[in-house]
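Asks: structural data only, the sequence is not supplied:
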């Protein structure tokens, strides 16, 4: 059984939150610009697994325990943030695997596994995401009903909302990349996407 009144409040709330620019949405925008929407789907897989895991642990109460041990977050944050900064610098130098050449269709491709891992790390290593799920999700749980179906419903809605807006951001990035590419401003694309990756990396490491 589900509490449909709570779900009717949860859906617009989570849509509003997912639509706001964050680390994952900025990453989707950047990858959409550089490697295209289709390949950005690999990053989205990792991100969706990450946010779903965070949501499940938050609802089950494990997240509150992890927040008492910030070292766990530090490891994830510095690894994920450092990698994004590294890729961003390479794009500025037009040497990275995601750097764009004069033909957007000939973009050198980073591996799918790395994209999945980066999406997962970015989602899991975001302490604001943990704090958000801990404070929000329990409010939409009816203690008088079975936890499992409520957990499944909330996580599914959350993941669906994240996917929708990552697609929006990635598509917007791809459109922007094409516009700049037609103007022969390939270096601008590389530096813009590289700067975004560096910003996300610093954001992730210092958040």
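Replies: In hand now; what should we look at? Everything numeric here is computed off the predicted structure, so don't read it as measured data.

Asks: for the residue nearest the centre of the chain, give me its contacts.
Replies: The residue lying closest to the centre of the chain (CA atoms, centre = their mean) is residue 24, at 2.2 Å. Residues in contact with residue 24 (CB atoms under 8 Å, 6 or more residues apart in numbering) are 47, 51, 119, 122-123, 126, 162, 166. Heads up, the C-betas are built off the backbone N, CA and C, glycines and all.

Asks: quick one: low-confidence parts of this structure?
Replies: Residue ranges of the chain with pLDDT under 70: 62-70, 72-73, 76-77, 80, 94-109, 128, 178-190, 204, 207.

Asks: what residues sit buried inside the lengthiest helix in the chain?
Replies: Longest helix in the chain by number of residues (criterion: DSSP state H): helix 147-182. Under the neighbour-count criterion of 16 or more other CB atoms under 10 Å, helix 147-182 has 150-151, 153-155, 157-159, 161-163, 165-174, 176-177, 180-181 buried.

Asks: the helices in the protein, which residues?
Replies: With DSSP H as the criterion, the chain has helices spanning 4-19, 23-34, 37-60, 62-66, 70-92, 112-124, 127-136, 147-182, 186-206.

Asks: highest mean neighbour count out of those helices?
Replies: helix 23-34 (a mean of 27; mean count of other CB atoms under 10 Å).

Asks: chain center to that one, what's the gap?
Replies: 8 Å (CA atoms, centre = their mean, to the nearest Å).

Asks: that one to helix 147-182, inter-axis angle?
Replies: Calculated by axes from the mean of the first three to the mean of the last three CA atoms, to 10 degrees, helix 23-34 forms an angle of 40 degrees with helix 147-182.
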